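J.: structure, please.
(chains A, B, C and D)
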There are 2 protein chains.
Amino acid sequence: MNKRKIVFRSDCPISTALDIFGDKWSLLIIRDLMFKGLNTYGDLLKGGEGIATNILADRLGLLECAGIISKTRHPESKAKVLYQLTPKGAGLAPVLIEIIAWSEKHHEVHPQAIAFANEIKKDKAAVLAQIYSRLDRQ
Amino acid sequence: MNKRKIVFRSDCPISTALDIFGDKWSLLIIRDLMFKGLNTYGDLLKGGEGIATNILADRLGLLECAGIISKTRHPESKAKVLYQLTPKGAGLAPVLIEIIAWSEKHHEVHPQAIAFANEIKKDKAAVLAQIYSRLDRQ
DNA sequence: CGATTAACTTGTAATTTGCAAGTGTAAAAA
DNA sequence: TTTTTACACTTGCAAATTACAAGTTAATCG
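T.: Model prediction:
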């Protein structure tokens, strides 16, 4: 178990949230866990926008400390570690969905993201339900 | 008009969004503009968690460059500058609302935020409509 | 006209990040 | 059984970013 302290600047809910994931990488790690099904250190390292190894280790520790992710033994190998979203982490799905919808509206994103944004527009609740059930099965 | 370049790491919508507001301060500035009605440099400086003057100036420039906020002359004084959310910036309301709802569920926040979170739970659309109409009137 | 307000800018120390390389343990290959 | 290879980190250091304090410029107030 990781023991670090997160300093909260105020009791504003947005400020508190940013004290946990207010940086360029944390939400991308959460994205990879939530949408891409990546759940080992090595996968997360390769999976995205090129995060540095020390930053990944640091953020995983921070997110674990904040109760967003859990760190357990991998069922297939003792050498691997399994990272998963906790219910608190999975609860960020609506936030990520709204970010995707906003970003797709205002920027050029990849085709897959456009399709996903359209699904969100059509039936947000269904998209959310699908995400939650996929995370539950893991 | 501010001219800076924002480097986008990938065409992922979440990554793109974080390239704009993925730090500890930007969303707090947007919060102050959206919810607290603060709209001058001095107000934003005092209004929150103690942002440094140079960081505020930097973030205002970045957010303007990203099309999130606009910078115009203040109607009451030539010495002041009026900062306002653009439609793109106002479009972040659902993101902020989901962050508030999530944070209130998992952390201890101030009483006002609890009340606001309850309103969101009760009728999200109404809360959003109210935010948009307030921003329009400004 | 002097003082104050507002919006920054500048300088510098402290902190954080990014990159490359190294470490320890577990599994796989020779 | 010895040697690689894979995996999850850790360490060292340069570069970038942030925080804090002070200074600058223009507008308004008394």
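J.: is DNA strand D contacted by the lowest-mean-pLDDT helix or strand in chain A?
T.: Across the helices and strands of chain A, mean pLDDT, DSSP states H and E gives its lowest value to helix A:41-47, namely a mean of 93. Yes. Using C-beta under 7 Å from any atom of the strand as the criterion, contacts between helix A:41-47 and DNA strand D involve A:Y41, A:G42, A:D43. Where C-beta positions appear, they are placed from N, C-alpha and C, glycine not excepted.
J.: for the first one, give me its contacts.
T.: Neighbour list for A:Y41: A:L56, A:A57, A:L60, A:K80, A:V81, A:Y83 [criterion: C-beta atoms under 8 Å, 6 or more residues apart in numbering or on different chains].
J.: what strand or helix carries the third one?
T.: With elements taken from DSSP states H and E, the one containing A:L60 is helix A:53-65.
J.: Provide the strand pairings for the helix or strand following that helix, with the direction of each partner.
T.: Going down the chain from helix A:53-65, the next helix or strand is strand A:69-73, by DSSP H and E. Using DSSP bridges, the strands paired with strand A:69-73 are strand A:81-85 (antiparallel).
J.: and the partner strand with DNA strand D, contact?
T.: Yes. For a cut-off given as C-beta under 7 Å from any atom of the strand, strand A:81-85 has contacts with DNA strand D, namely A:V81.
J.: give me the residues contacting the very next helix or strand once past that strand.
T.: Note on strand A:81-85: by DSSP H and E, the next helix or strand toward the C-terminus is helix A:87-90. Contacts of helix A:87-90 from elsewhere in the structure, counted by C-beta under 8 Å, 6+ apart, are A:I30, A:L33, A:M34, A:L63, A:A66, A:G67, A:I68, A:I69, A:I131, A:Y132, A:L135, B:H106.
J.: what does stretch A:5-20 give?
T.: In this structure, residues lying in contact with stretch A:5-20 by C-beta under 8 Å, 6+ apart are A:26, A:62-63, A:65-66, A:68, B:24, B:27-28, B:31, B:48-50, B:96, B:99-100, B:102-104, B:107-110, B:113, B:117.
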